[in-house]
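Visitor: Please work out how this folds:
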Amino acid sequence: MTPTHRIFPYNDIWLDCVNNNLMSILISHHSSFEKLPLTFKTQYWKKIINQTFPEDNFESLLHQGLMLPKVQYNTEQLYHYLRFEDQLLEQSDIPFLDEMIQSALDKKKYVFFDVDRFFYSSGRESGKIHFIHPTFIHEKCASGDAYTVIEDCLSPGRMHDYQTPLEVIMESTQYLMTSGKKVRFIMVSVHEGSIRNFNHEFSVQDSFISELRSNLLDDKVVFLEQYGLNYQLGLKALTDYVEEFEELVGNLNDTSIFALRSSSFAQNHKKNNRLFKLLEDKSSHTNLYKKLAEQSVELSHLWEIYRTTVIKMIVSNRVHDQAIVKLEEIVKKEYNMVQTMKMATEVSNL
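Guide: Next up is the predicted model:
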């Protein structure tokens, strides 16, 4: 037996590998949860170049594209509707992994299980890189010897159904424990009371635009202790991106993370377009929200063009002059949209 609600990969926007799967769980219980990310607090983040990097891994981060700016969402709202039971596995648990997973599914719970994707039969890390990842298990395959999971192992930032054999889970667990690493087994269930109290009609207040604008203009630097690194926040992360373009883009060895992070900006503006249209429908200041909706569509399109342009240039080993011009245009229009947000906030306060 498995949880009765059919689970589908969530790909409207890229949050991260865990939160996208949590969205899949909620949407399976009620389709109106598709609108929940519209009100997630959003910030732009970028690692600062001029700092000391732990384990001297700057070059590795640079070549992979992990120094590029990204869209960061505050997903706290998700956790209000879910319940989590977290445990660390022990060596003695390995023979009973199948029973543990099946027992959770029988109780209509979902499982996040730490798996090293090195042991997968396919995907980016398969047989190449040891990469520990919280694999999302939502049902057992008809064959009985594998589980259906939702993964992004084939394409970064794109969730898809994937079959993971029990033997892979056991081999990975044995390897991780032998290596002295912790393996987490997390059961997730839906909090029915909270779901019943969710505003399924969904509404958003004009004041949210002010908060959205403030986050984009919050140009502070924050230190994340878990990574030992400083991050630049706000639109300044994008202006720094322009200034550091040659170093950040010119040293890419792989385009997958670049494509993911560029697409995340496009997805964010598509999300904002839906938000602005909702506000346009309920507000007396329709012209400003209509303008914001148009600006967000344009920015989404420009980010996609920029992504395609850079990838083509990297593949053909050509200079990036055309790409940096497009990036400069994007940053200018990002600031223009923030100015429109200011006008919308001012008139809504009248």
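Visitor: immediately after the longest helix seen in the chain, which helix or strand?
Guide: Using DSSP state H, we find that the single longest helix of the chain is helix 286-316. Downstream of helix 286-316, the first helix or strand assigned by DSSP states H and E is helix 321-348.
Visitor: got the buried residues for that next one?
Guide: For helix 321-348, a neighbour-count test (16 or more other C-beta atoms under 10 Å) marks 323-324, 326-327, 330, 334, 337-338, 340-341, 344-345, 348 as buried. C-beta: built from backbone N, CA, C; applies to glycine.
Visitor: Reformat these as CSV; add distance to residue 65 and pLDDT.
Guide: Below are these laid out as CSV (distance: C-beta to C-beta, whole Å; pLDDT from 0 to 100):
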residue, distance to residue 65, pLDDT
323, 14, 93
324, 16, 93
326, 17, 96
327, 15, 97
330, 17, 98
334, 20, 97
337, 25, 97
338, 26, 96
340, 31, 95
341, 29, 93
344, 34, 88
345, 34, 86
348, 39, 72
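Visitor: what's in contact with the helix or strand bottoming out on mean pLDDT in the chain?
Guide: Sorting the helices and strands of the chain by mean pLDDT, DSSP states H and E puts helix 192-197 at the bottom, at a mean of 82. Around helix 192-197, the neighbours that count as contacts under C-beta atoms under 8 Å, 6 or more residues apart in numbering are 26, 29-30, 80-81.
Visitor: In terms of distance to residue 5, which of those ranks first?
Guide: Nearest to residue 5, judged by C-beta to C-beta, of the contacts of helix 192-197 is residue 29 at 5.6 Å.
Visitor: Show me which residues of stretch 216-223 are buried.
Guide: Within stretch 216-223, the residues scored as buried using 16+ other C-beta under 10 Å are residue 216.
Visitor: how far does it stretch from start to finish?
Guide: Length of stretch 216-223, first residue to last, C-alpha to C-alpha, to the nearest Å: 18 Å.
Visitor: roughly how far out does it sit from the chain middle?
Guide: 19 Å (C-alpha atoms, centre = their mean, to the nearest Å).
Visitor: any idea how far stretch 337-350 is from the chain center?
Guide: Taking mean C-alpha positions (C-alpha atoms, centre = their mean), stretch 337-350 and its chain are 28 Å apart.
Visitor: Fine by me, thanks again.
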